[in-house]
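[1] The sequence and its predicted three-dimensional model are supplied below.
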Amino acid sequence: MYQPYGYRDNNKPDHVCLLQRSLYGLKQAPRVWYQRFASFASTIDFHHSRSDHSLFVYHHRNETAYILLYVDDIILVTSSVTLRSTLMSLFAKEFAMKDLGSLSYFLGISVTRTDTELFLSQETYAEDILNRVGMTNCSPVDTNGKLSSTNGPSYSNATEFRSLAGALQYLTFTCPDISYVVQQICLHMHDPKEFHMQALRRILKYVRGTVAHGLHLTKSSLSSLVSYTDADWGGCPDTRRSTSSYCVFGR
């Protein structure tokens with residue numbers, strides 16, 4: 001923490017104001033909390049993941065642990081119960097923490113555990129999106145329509161369109177089958193047309209029919225990568241550009 005510009009005391013530069021408000025209300029709070037957590041994690045041999053700085057990785061001999069940090073919600077995964085207990089004790093000495101047991105719900109994603117797999121679902125989150133637009137009883141449908149940036153009049157409530165498009169983006173975490181169509185919708189968030197809103201509603205109808213779908217995470221002895229690629233030649237109705245896509249699966 002440091003003194004804000006315009007309120008700095010040259011005689012006491014290390015002093016800060018005592019504010020009568022929650023730490024969560026300060027702009028510096030997230031950064032300071034992250035720095036404190038990361039500094040302590042490094043003292044017990046955790047290091048940042050190269051792809052995601054909110055992911056901390058621990059390797060020591062045959063033991064492995066992962067920590068995923070989102071504000072003050074933490075997921076801890078360890079290779080053994082002993083390591084988990086040890087790490088929980090270390091963090092409990094440094095921070096006021098509560099052990100909620102096995103992972104069951106995190107950031108709108110429910111986790112169902114069996115002997116062989118984890119099932120990740122955003123069914124409740126998807127239901128909330130459908131409730132917002134009164135489409136809980138709609139019939140499921142899919143479409144292969146093309147979207148143009150100049151097709152038809154502008155949609156009257158651009159804020160609603162952007163809000164729903166953003167909500168669908170988060171839903172793609174456990175519903176990757178809608179990733180492409182949601183990406184196409186988001187291309188028109190700056191100036192949505194009536195036709196774009198119709199396409200968004202068709203996506204919501206598809207979500208209605210697949211609301212209970214999710215991701216199955218299972219243990220595998222394979223270590224190969226399988227990739228798929230495809231292209232839609234001249235598929236863009238505005239520029240006639242081709243759209244290529246690919247996906248990679250770890251097996």
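    That came in fine, so what should we check first?
[2] What are the boundaries of the helices in this protein?
    Listed in chain order, the helices of the chain (DSSP state H) span 29-43, 81-94, 123-132, 158-171, 179-186, 194-209.
[3] Now do the buried residues in the first one.
    So the one you mean is helix 29-43. By neighbour count on 16 or more other Cβ atoms under 10 Å, the buried set for helix 29-43 is W33, F37, A38, A41. The C-beta positions use only the backbone N, C-alpha and C, and glycine is treated the same way.
[4] now do the third one
    For helix 123-132, burial by neighbour count (16+ other Cβ under 10 Å) applies to Y125, A126, I129, L130.
[5] Identify the residue spatially nearest to the second one, adjacent ones excluded.
    Of all residues not flanking A126 in the chain, V211 sits nearest, at 4.9 Å (Cβ to Cβ, 6 or more residues apart in numbering).
[6] Contact partners for the one you found?
    V211 makes contacts with E123, A126, E127, L130, as judged by Cβ atoms under 8 Å, 6 or more residues apart in numbering.
[7] Where does pLDDT dip in the stretch 51-200 of the chain?
    Within the stretch 51-200 of the chain, the ranges that satisfy pLDDT under 70 run 138-152.
[8] make it 80
    Scanning the stretch 51-200 of the chain for pLDDT under 80 picks out the ranges 71-72, 135-155.
[9] Check the gap between V226 and S220 for me.
    Distance of V226 to S220, given as Cβ to Cβ, to the nearest Å: 12 Å.
[10] correction: N137
    39 Å.
[11] since we're on Q122, how many residues are nearby?
    By other Cβ atoms under 10 Å, 24 other residues sit near Q122.
[12] Please give me every residue in contact with it.
    G108, I109, S110, Y170, L171, F173, T174, C175, G214.
[13] Surely D191 touches F161?
    No: the criterion here is Cβ atoms under 8 Å, and D191 misses it with F161 at 9.9 Å.
[14] between the two, which one's more packed in?
    Higher neighbour count among D191 and F161: F161, with 21 against 12, using other Cβ under 10 Å.
[15] quick revisit: please identify which pair of the buried residues of helix 29-43 lies farthest apart.
    Greatest spatial distance in these: W33 and A41, 12.4 Å, computed using Cβ to Cβ.
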